[in-house]
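S.K.: Sequence first, predicted model second:
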Amino acid sequence: RHGSAMISKWLGLFAFCATAVVAVRGEVPIVTRSEWNARPASGPIDSMETPLPRAAIAHTAGSGCSDDAGCALAMRNLQHYQMSRQQFSDIGYHYLIGGNGRVYEGRSANQRGAFAGANNEGSLAIAFIGNFVQAEPSQAALDAAQQLLEHSVQKGQLREDYKLLGHRQLSATSSPGDALYARIQQWPHWSEQ
């Protein structure tokens, strides 16, 4: 009798936890700037009015990352490079996605990005950390990107009818790499223009 009561309690706890996980699944956990130890912006950044009409997928073209510590380091290195070498006021993208399947906060979605020249205006910049010319990002990273796009619509950062583009459609670059570019052409909202 005591054993069956204990089993019932454990089953009840398991059911509660499973329900909680399902409820949280719709949320996209975002690693904040303070969590990856971002530097503050070095100057003013022009603002943009949201919701934005397009999302642009890029890759950083450097080394990838597969764990929390490595991805946080990649974020700090990229921010340092873009602020010191490229003379940007901050990291150029709004969001970045690591091979660990986590989304990293870049600049605010209502601040103009620094990745596509004249086409920064009106674009939500999402970059995958790594080089995806020959191989696609991890499935966890691809899933995180699609969840992030939905999240961005829900949060009013992207229009419901947004267009999804590859970075190469906005500026002279091979980004987001051939493998990733082929994959995103299969996603909802893909646009040739």
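M.R.: Sure thing, it's come through.

S.K.: Determine the number of other residues adjacent to the nearest residue to Lys163 once chain neighbours are set aside.
M.R.: Counting by Cβ to Cβ, 6 or more residues apart in numbering, Ser191 is the residue found nearest to Lys163 once chain neighbours are left out, at 3.7 Å. No exception for glycine: its C-beta is placed from N, CA and C like everyone else's. Residues contacting Ser191 under the criterion other Cβ atoms under 10 Å number 13.

S.K.: How about Glu35: what's its closest non-neighbour residue?
M.R.: Ala72 (7.5 Å).

S.K.: Against Val31, how distant is the one you found?
M.R.: Counting by Cβ to Cβ, to the nearest Å, the separation of Ala72 from Val31 is 7 Å.

S.K.: any common contacting residues for those two?
M.R.: Tyr104 (Cβ atoms under 8 Å, 6 or more residues apart in numbering).

S.K.: mind listing what the residue nearest to Glu35 touches?
M.R.: Ala72 makes contacts with Val31, Glu35, Trp36, Asn37, Tyr104, as judged by Cβ under 8 Å, 6+ apart.

S.K.: which one of the residues you listed sits closest to Gly113?
M.R.: Checking the contacts of Ala72 against Gly113 with Cβ to Cβ, the nearest one is Tyr104 at 14.5 Å.
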